[in-house]
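[1] Model the following, please.
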Amino acid sequence: MKQINLKQVWFNEDKRCLVDKQGKKYSGERFSFAYGNTRSGTYSIDSAIGDALLALEKAAMKKRAEAYEIVHKQTFDSHQEYDARPYSAQAGAILYRKK
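    The predicted structure is shown next:
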């Protein structure tokens, strides 16, 4: 099976196109959407976001995406006084493949 190098892209308003980390134009077709979230609470917001993004990338790879554009990130706090792991997060992304 072919190895897929998943990359994160975003819309660059100046260039009016999707670009990757190096600022190179990415031309792919939108084909699906994926979500990722934390499985259980974490000790910090950063850790919760990292877990959600990792789950999102795994979901994107499972759908054989070549690139993803994050369109939603949200964190949650259980607000319970004695909860050592009160934070959780979720993320959503549009998935792309080369034309």
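[2] Now do stretch 45-65: everything it contacts.
    With contact meaning CB atoms under 8 Å, 6 or more residues apart in numbering, stretch 45-65 is reached by 4, 6, 31-32, 34-39, 41-42, 68, 70, 73, 75-77, 87-93, 95-97. (Each C-beta comes from the backbone N, C-alpha and C, glycine too.)
[3] mind redoing it with 6 Å?
    Applying CB atoms under 6 Å, 6 or more residues apart in numbering, the contact partners of stretch 45-65 are 6, 32, 34, 36-38, 42, 68, 75, 87-91, 93, 95.
[4] cool, stretch 9-24 as well?
    Where contact means CB under 6 Å, 6+ apart, the residues beyond stretch 9-24 that reach it are 7, 25-26, 67, 69.
[5] Next: stretch 87-99.
    Defining contact as CB under 6 Å, 6+ apart, one finds that stretch 87-99 is touched by 28-38, 41-42, 45, 48-49, 52-53, 56, 60, 63, 65-77.
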